[in-house]
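Asker: Fold the stuff below for me.
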Amino acid sequence: MDSNKSSNYFDKALTRAKENIKILEDSLHRQSGDLEKTLQQNEKLREENKRLKEEIRNLHGTPDWVKPNKTEDARRSAKKLGAKKGHRAHPRKMPGHVDCEVTPMRSMASFPRFLSGW
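Answerer: Residues are numbered from 1 along each chain as shown. Model prediction:
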């Protein structure tokens, strides 16, 4: 009798599991169809966005004062900064007169306003 009860229990559990699998498969099928529709709609919107941007660009054009970006070759061929190899360095000379007076560093203890917290 016990084997019959356990067999009956497992049969019901198996039936419930199969029903749940069927429900999940249906849900997966619906969602995959929704995903396909969303991907197609996304592609259509991307194409429309590209077309509208092109129309706006054609309507207004670029202003006369806009310069094109430098190409990679132009960036590489720009002058190198710093001294050239094999050339003598050109250090700056000391100025003859300094306008400001150099003061020694003072500690924070010499500023009572900061120590009191304002």
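Asker: contacts and neighbour counts: CA atoms only from here.
Answerer: OK.
Asker: Okay, and the residue nearest to the spatial centre of the chain sits in which element?
Answerer: Geometric centre of the chain, nearest residue: R46, 19.8 Å, by C-alpha atoms, centre = their mean. Secondary structure assignment for R46, by DSSP states H and E: helix 2-60.
Asker: distance of the residue nearest to the centre of the chain from L52?
Answerer: R46 sits 10 Å away from L52, going by C-alpha to C-alpha, to the nearest Å.
Asker: before we move on, what about S107?
Answerer: Going from S107 to L52 by C-alpha to C-alpha gives 65 Å.
Asker: E25 too?
Answerer: Distance, E25 to L52, using C-alpha to C-alpha: 40 Å.
Asker: quick one on the thing from earlier: can you pick out the residue with more neighbours from S107 and L52?
Answerer: Comparing S107 with L52 by neighbour count (other C-alpha atoms under 10 Å), the higher total belongs to L52, at 12 against 7.
Asker: Which pLDDT does the model give that one?
Answerer: L52 is assigned a predicted lDDT (pLDDT) of 91.
Asker: What is the burial count for K70?
Answerer: 9.
Asker: again but with H87, I slipped
Answerer: Neighbours around H87, by other C-alpha under 10 Å: 7.
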